[in-house]
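K.L.:
Sequence plus the predicted model coming up.
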Amino acid sequence: MKIGFIGAGRMATTIGRHLIGAGHDVVLSSSRGPEALAGLVADLGSAASAGSKQEAAECDVVILATNWADAPEALKGIDWGGRILIDGTNAHIGEKPDISAAGVARSVAALEGRTSSEIVAAMAPGARLVKSISNMPMAWIQDFSPQKPKTLLFVSGDDRDAKAVVVELINSTGLVALDLGALADGGAMQQLGGPLSAVELHLVRRIIR
Ligand SMILES: NC(=O)c1ccc[n+]([C@@H]2O[C@H](COP(=O)([O-])OP(=O)(O)OC[C@H]3O[C@@H](n4cnc5c(N)ncnc54)[C@H](OP(=O)(O)O)[C@@H]3O)[C@@H](O)[C@H]2O)c1
């Protein structure tokens with residue numbers, strides 16, 4: 001598959017490497033245009049390219065990989081046409097994430113009772129939104145070898161077909177997708193401040209598929 005990233009920082013490059021290792025192509029984009037990403041994509045190899053934000057958004061699956069404050073601008077003006085958008089953001093307010101208990105509580109309070117993915121969905125009308133990837137620091141998945149730990153990534157969404165595509169995509173990398181159900185319920189579990197946020201879990205054994 002061809003996976004587009006809106007944002008080309010730590011999260012995009014880490015997930016991009018896992019996807020490339022599984023045989024997918026990735027298109028990275030940022031606010032500075034493709035030229036600014038030339039060194040980065042060269043480092044990722046021939047399966048990576050840099051594109052405009054719209055080019056990234058036209059891929060089979062698109063991953064929102066910007067900081068929370070930049071998401072509205074990053075999503076502005078994109079025609080989604082029913083494509084799948086994975087919300088990989090954590091809704092930290094402020095310029096730098098404050099992961100203290102008080103900082104997380106302030107960020108969660110700013111959501112005013114909504115889940116962050118419902119807010120992202122409203123910013124991306126016409127996209128089939130799936131929440132995933134955001135639940136763990138990328139430092140935990142820096143092993144790109146085929147023998148890497150089967151780290152769990154949670155998935156939630158209201159469109160069953162879109163979610164199935166994302167589950168298959170994650171599983172193709174050797175990481176393991178765990179479906180938490182609908183966008184609002186599952187999103188509340190895995191988003192910043194939720195009970196499954198920043199919890200490192202690995203699949204050790206699966207007897208029945
Ligand atoms: N780092 C982690 O461990 C981790 C783990 C899970 C989830 N996340 C989440 O993933 C998101 C990104 O985190 P990160 O650590 O990758 O941040 P980062 O390294 O700061 O990268 C953010 C990227 O977004 C781009 N960007 C900013 N404004 C943009 C716009 N208007 N349009 C397109 N791209 C734009 C930035 O490039 P320009 O400024 O050049 O445009 C940069 O490439 C955050 O929401 C974070 O909570 C991060």
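P.N.:
Noted; the coordinates are in hand.
K.L.:
give the contact list for L129.
P.N.:
Applying Cβ atoms under 8 Å, 6 or more residues apart in numbering to L129 gives the contacts 85-87, 117, 120-121, 157-159, 162, 183. C-beta coordinates here come from the backbone N, C-alpha and C atoms, glycine included.
K.L.:
Out of those residues, the closest to the ligand would be?
P.N.:
Nearest to the ligand among the contacts of L129 is D87, at 8.8 Å by Cβ to the nearest ligand atom.
K.L.:
which non-adjacent residue is nearest T14?
P.N.:
M138 (4.1 Å; Cβ to Cβ, 6 or more residues apart in numbering).
K.L.:
ok, the one you found - contacts?
P.N.:
M138 neighbours (Cβ under 8 Å, 6+ apart): 10-11, 14-15.
K.L.:
Contact residues of this structure facing the ligand?
P.N.:
6-12, 29-32, 53, 65-68, 70, 73-74, 88-90, 133-134, 137-138 (Cβ under 6 Å from any ligand atom).
K.L.:
coming back round to it: most neighbours, which of the contacts of M138?
P.N.:
Neighbour counts for these peak at I15, which has 25 neighbours (criterion: other Cβ atoms under 10 Å).
K.L.:
Buried ones among the residues of the chain next to the ligand?
P.N.:
6-8, 11-12, 29-30, 53, 65-68, 74, 88-90, 133-134 (16 or more other Cβ atoms under 10 Å).
K.L.:
mind putting the contacts of M138 in JSON lines, pLDDT, distance to K148 and secondary structure included?
P.N.:
Shown next, in JSON lines, are those (pLDDT from 0 to 100; distance: Cβ to Cβ, whole Å; DSSP: H, G, I helix; E, B strand; the rest coil):
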{"residue": "R10", "pLDDT": "98", "distance to K148": "18", "secondary structure": "helix"}
{"residue": "M11", "pLDDT": "98", "distance to K148": "17", "secondary structure": "helix"}
{"residue": "T14", "pLDDT": "98", "distance to K148": "12", "secondary structure": "helix"}
{"residue": "I15", "pLDDT": "98", "distance to K148": "13", "secondary structure": "helix"}
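K.L.:
nearest to G187, of the residues you listed?
P.N.:
M11 (17.3 Å; Cβ to Cβ).
K.L.:
before we move on, back to that, now do the residue nearest to T14 against V199, distance only.
P.N.:
15 Å (Cβ to Cβ, to the nearest Å).
K.L.:
wait, what's in contact with the residue in the chain that the ligand sits nearest to?
P.N.:
Residue of the chain nearest the ligand, by Cβ to the nearest ligand atom: G9 (2.0 Å). Each residue near G9 by Cβ under 8 Å, 6+ apart is listed here: 30, 65-66.
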